[in-house]
Structure formats: C-alpha cells, structure tokens
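> For reference, the sequence and a predicted model appear below.
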Protein chains: 2
Amino acid sequence: MAQLVAPPVERRAFFRDTEANRRESLIAATQALVAEGGPQAATVRAIAARAGVTPGLIRHYFGSKDELIRAAYTMLVDGMTDKGADALEGVGADPEERLAAFVAASLRPPVVDGRTVGLWAGYLHQVQQDAGLLAQHEKGYLRYRDQLQALIADLGRAEVTATQLRQEAIACNAILDGLWLEGSVLPHGFAPGELVRIGLRATGAILGVNLTRHTTFIPELYPTAGKTET
Amino acid sequence: MAQLVAPPVERRAFFRDTEANRRESLIAATQALVAEGGPQAATVRAIAARAGVTPGLIRHYFGSKDELIRAAYTMLVDGMTDKGADALEGVGADPEERLAAFVAASLRPPVVDGRTVGLWAGYLHQVQQDAGLLAQHEKGYLRYRDQLQALIADLGRAEVTATQLRQEAIACNAILDGLWLEGSVLPHGFAPGELVRIGLRATGAILGVNLTRHTTFIPELYPTAGKTET
DNA sequence: GCTGTGATTACACACTTGTATAACAACCGC
DNA sequence: GCGGTTGTTATACAAGTGTGTAATCACAGC
C-alpha cells in the first residue's frame, strides 16, 4: 500500500503575550460564557477558544479551572462595587443630588443588564458552597451598602439612630437590588427611565426626602440632549 | 484459562408506581439537585439516583432531560406564587393586616432560604434563552405583583392614580425581592425577624401607612408562643 | 550563532454526559 | 393459566469533560 503523505496539520500561530493580557483575556472569556450560558457553558475548551488560545494555557496560568472561576468571580465583585463610586464622579456636593445619582446609576445599564444578572446568578452556587467566595460576596455587598449608608447619613436629617440608619440602608439597598433584578430579567417590562423614577421615589419615601427633583440623571427624559457637559 | 463464573449481578428491585408519583419524585429530585449544586449537578444519573430509579425512567416519563427541566421550572414558578396566597389564609379582613401578613410571609422561611434562591438562580439562564420559560417567568412575576397591588389598592387611601398604584406595587415588590435575595444568600447577616421588620417599615413608608403595628406575623418576637391557634 | 528556558500548542487518557436500545418483570384481559 | 402490553432496568455508545504530558516555537543570554 502506498505510503500516505501526512497531511500538513496546520499548527495554531504561535503568539507570545504578556501574563497580564493572558490572564485578563481568559477571565473576560469566562465572564462572557458564564453570563450567556451559565457555568455549564464555561468549559475549558470554550473559554480557550473565546480567548483565542488553546486549552492548555488556562492550566498554565491558573492551576486549574476552578481557580480560574474563582479569579473571575473576584474580578466581578470588585467591578460591581466600583461602579457605585464611579457614578459619583463629577457630581456636585449636594447630598440629595449625590444620593440620587447613586440610585440612578444602579438602575441603568450597564448595571441593569441581562448578562450581568446572568453572570451573577451563574456564580451563586459556587458562592454558596465555597467559603472563600462567600466571604468575598459578603465583603462586596457590605462595601456597596456602606457606600449607600454613607450617602444617606450625609443627608443631614435630624434624630437618626444608628439602628434606623442601618435599616434604611438595608431597605434602600434591597430596592435597588430588586429593581435591578426585575429590570434585568424582564427588560421590556418597564418603560425607559421607569425604574429610575420608581427607585428615586421609593428611596425618597423611605428616607423622608424628595429625590424626584433630581431628574438630571434620567437621560431618557432628555432624548435629544446627548451631552451633559463639554 | 478457567472460565470465571459470572458474579450474580443483583438487579435493582422492581417497583411499579403511579405516573403521578414518578413524575413528582423525579421533579422533586431535580429541584433538590439544582438548588444545591446548580444545573450542572442535575445530571440524569444524579436525578435518577435521588429519585430512587434508574436513568432510563426520566426519558420514559419526560421525552428528554430538557423537558424534565422545563417541567420542574413550571412547578417552581407555580409553587412560589401560591405561597403568597397561602399567607393570607386565616388572616382577618383588615387591609393593613392582610398586606402585613403578605409582606411578612415573603421575608421568612421557607421563602427566604438559600436553597430557594439557589434554585431560582439555577434556572435563570435557561429562562433567559428559552422564550417559553421566559413567558412563564413573566406570568409568575406579574401574578405575584398583582396580588401585591390588589392588597395595596384595598388599603383605601384617597387620590391614588393607576400609574401611582403600579409604581408602588413595583417598588414594594422590589423591596421584597431584594430582601429575599440578601437574606437568603447571607442568612447570618441579619438578626431574626429583622428582614420582616425592615420590610414592613419600608413598604409602609412607600405607601404612607403604618404596617409595623402588625407584628403578629413575626414569630421571632414571640419565642415561647409556639402555637397560634389550637 | 548556539543553547537553554519558558510560553504555547498538540495529543492522549480516564471519566462523565445524554441518549438509544435491548432485556426483564409485573400487571391486564381473556 | 396465558399472551400482550407496558413500566422498569441494564447495557452500549458517541460526544464532551478536565487534566496530564510531550512536542514545538520564540526569544534572551552568552
């Protein structure tokens, strides 16, 4: 039998990249897959393909797939809490206005987004079973709530006990979480800007202040005004 | 070589059960597994083992694994909305009291529970991608919110527009969802009964009524009173 | 220019997954 | 009693999973 010539198996182009870039792209690929199809979609092969590398690299940079998952979750938690602080960037010193900006930012894309809530839900089980991840989750949650509580405390209302302040922060945080959840899962269930309006009114009612005056943060109310400042 | 005698492979005990029982136990096993370890833990073999049958049965009663998953989700949605109505069982006719009972029931076990939220999160991706499941989710969500809205409307406050009523229902629902989420994931983060207290106070503030008087529904406040009626 | 050395790829392996199919056991009508 | 029907089990199979290991490539130091 004639000896068959081995077909020229095209080897993937070799490209050397920095460790930071590789880790980042692998984590990004993991996030995208978990957000879209849950943890079951984030296989080593799918992750590698999305990141443009071969599966071996994930074990080279992260000891195992679990470690990559854990790193990705850490990245997610850190990113979500940072968004709260980002919303206060460039906002004036008026306490009510700052609180309104914080609330509004939490009820708009990219926070309110089907992929984000999918990502969050995808990690939930791992969080519940891994003590380390649970600690990270709690830290992130408390940091976010503390930001909110600080804004509430700055309102300068009289006669507010520590317990009351804590409970108000928990309640307002719950409103944001609940609206975030529903708005993300059922995006077409609410009119544009409706979530922000409801959030401002509800938190205002709980705290006894009027936040609905600060509608500057509802871009949907100003469809033509694309620029806030230039 | 001496012929080895085949070891007596013990065949699983044959037990014939009703179709209803089989479907129910298979669904229950699916729920338990999804709640604990996510969809990835709900394999056909694990489900069958949990239900005390062999994997073949799942394909006999449900055409495929996906169909079982879908049936299980339907079961979950129906069960969750029913719990709201159950809470109003045996409560008096006072509108405020009925609303308070509804709120309290939503912020206590078995609704507030790590497994329940895990179950909910486990289905999220399938819900987002399957149009049929998404419709079921929306139906269940709206049914629950409508129950809440009806209770709010019954309060008999003056001058309430339809839009305002809708927004109040969304806001109150969001509070319940948010507290449910946080209380379920971080059970030790809140004192017993604290979620109920916060929920009653916050919804009351939004609606302009005082619900905190109706503390009958906080069993943690009556540690020794194990019986409600006999 | 040569030689390590480490990043990157390719391949192999044992295991699990969902599904298909055949064997088996109990109940039904007659 | 007895064959047929159907619920139930057992086994087989192809595809996909994470992981281990060897081969390859590019670059740095001398």
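Okay, I see it. Numbering: from 1, shown residues only, chains lettered A, B, ... in the order given.
> For chain A, which residue gets nearest to DNA strand C?
Going by CB to the nearest atom of the strand, DNA strand C is nearest to A:Gly56 of chain A, at 2.8 Å. Bear in mind the C-beta positions are built from the backbone N, C-alpha and C, glycine included.
> So that residue versus A:Asp17, what's the distance?
14 Å (CB to CB, to the nearest Å).
> for chain A, what spans make up the strands?
With DSSP state E, there are no strands along chain A.
> Excluding chain neighbours, give the residue nearest to the most centrally placed residue in chain A in space.
In chain A, the residue lying closest to the centroid (CA atoms, centre = their mean) is A:Met80, at 3.8 Å. In this structure, A:Met80 finds its nearest non-sequential neighbour in A:Gly140, 6.6 Å apart by CB to CB, 6 or more residues apart in numbering or on different chains.
> There's contact between that neighbour and A:Lys83 in this structure, I believe.
No: judged on CB atoms under 8 Å, A:Gly140 makes no contact with A:Lys83 at a distance of 11.3 Å.
> which one of those two has more residues nearby?
A:Gly140 (19 against 14; other CB atoms under 10 Å in any protein chain shown).
> in the helix or strand of chain A with the lowest mean pLDDT, what counts as buried?
One helix or strand of chain A scores below all others by mean pLDDT, DSSP states H and E: helix A:65-87, with a mean of 91. Across helix A:65-87, burial judged by 16 or more other CB atoms under 10 Å in any protein chain shown covers A:65, A:68-73, A:75-77, A:80-81, A:84, A:87.
> Next: stretch A:104-124.
Per 16+ other CB under 10 Å, stretch A:104-124 contains these buried residues: A:104-108, A:111-114, A:116-124.
> residues contacting the closest residue to A:Phe190 other than its chain neighbours?
Nearest residue to A:Phe190 in three dimensions, chain neighbours excluded: A:Gly183, at 5.8 Å (CB to CB, 6+ apart). Residues touching A:Gly183, when contacts are defined by CB atoms under 8 Å, 6 or more residues apart in numbering or on different chains, comprise A:Leu107, A:Val112, A:Gly189, A:Phe190, A:Leu195.
> and if we set it to 6 Å?
Going by CB atoms under 6 Å, 6 or more residues apart in numbering or on different chains, A:Gly183 touches A:Val112, A:Phe190, A:Leu195.
> State the pLDDT value of A:Arg11.
Note for A:Arg11: predicted pLDDT of 85.
> typo on my end, A:Ala153
97.
> Can you tell me the closest non-neighbouring residue to it?
A:Leu165 (6.1 Å).
> Compute the distance between that neighbour and A:Gly156, please.
Taken as CB to CB, the span from A:Leu165 to A:Gly156 is 12 Å.
> who has more neighbours, these two?
Set A:Leu165 next to A:Gly156 and count neighbours by other CB under 10 Å: A:Leu165 wins out with 16 against 9.
> gap between the more buried one and A:Trp120?
Relative to A:Trp120, and taking CB to CB, A:Leu165 is found at 27 Å.
> before we move on, what about A:Val209?
From A:Val209 to A:Trp120 the distance is 30 Å (CB to CB).
> Within range of DNA strand C, give me the residues from chain A.
Within chain A, the positions lying close to DNA strand C (CB under 7 Å from any atom of the strand) are A:9-12, A:14-17, A:19, A:22, A:53-57, A:60-61.
> filter the residues you listed down to the ones near DNA strand D?
Answer for the residues of chain A next to DNA strand C near DNA strand D (CB under 7 Å from any atom of the strand): A:Arg11, A:Phe14, A:Arg16, A:Pro55, A:Gly56.
> If you rank those by neighbours, which is first?
Busiest of these [other CB under 10 Å] is A:Pro55, holding 16 neighbours.
> just for chain A, where's the confidence low?
For chain A, residues meeting the criterion pLDDT under 70 lie at A:1-9, A:217-230.
> That one - how does it break down into domains?
A:17-63, A:71-221 (automatic domain parsing).
> how about the helices in chain A?
Assigned by DSSP state H, the helices in chain A fall at A:19-37, A:44-51, A:56-61, A:65-87, A:95-106, A:114-129, A:131-153, A:162-185, A:194-207.
> And the ones you listed: which comes nearest B:Gly37?
Among those, helix A:114-129 comes nearest to B:Gly37, with 5.9 Å by CB to CB.
> if you look at that closest one, does any of it touch DNA strand D?
No: Helix A:114-129 does not reach DNA strand D (CB under 7 Å from any atom of the strand); its nearest approach is 12.9 Å.
> the inter-axis angle of that helix versus helix B:114-129?
Interaxial angle, helix A:114-129 versus helix B:114-129 (axes from the mean of the first three to the mean of the last three CA atoms, to 10 degrees): 150 degrees.
> what helices or strands is helix A:114-129 leaning on?
In terms of contacts (3 or more CB pairs under 6 Å, 6 or more residues apart in numbering or on different chains; DSSP states H and E), helix A:114-129 is packed against helix A:19-37, helix A:131-153, helix B:114-129.
> Of those, flag the one that's most buried.
helix B:114-129 (a mean of 21; mean count of other CB atoms under 10 Å in any protein chain shown).
> That one: how far from the chain's middle?
11 Å (CA atoms, centre = their mean, to the nearest Å).
> For that helix, which outside residues touch it?
Against helix B:114-129 from outside (CB under 6 Å, 6+ apart): A:37-38, A:114, A:118, A:121, A:124-125, A:128, B:34-35, B:38-39, B:73, B:133-134, B:137, B:184.
> And for stretch A:96-103?
With CB under 6 Å, 6+ apart as the criterion, stretch A:96-103 contacts A:Ala87, A:Leu88, A:Val91, A:Leu151, A:Gly199, A:Leu200, A:Thr203, A:Leu211, A:His214, A:Phe217.
> try it again with 8 Å
A:84, A:87-88, A:91-92, A:147-148, A:151-152, A:154-155, A:172, A:176, A:196, A:199-200, A:203, A:209-211, A:213-214, A:216-217.
> Drop anything exposed from these.
Applying 16+ other CB under 10 Å to these flags A:84, A:87-88, A:91, A:147-148, A:151-152, A:155, A:172, A:176, A:196, A:199-200, A:203, A:209, A:211, A:214, A:217 as buried.
> Run through these and flag the ones next to chain B.
A:Leu176, A:Gly199 (CB under 8 Å from any CB of the partner chain).
> Report the contact partners of A:Thr81.
Contacts of A:Thr81 (CB under 8 Å, 6+ apart): A:Gly140, A:Arg143, A:Tyr144, A:Gln147.
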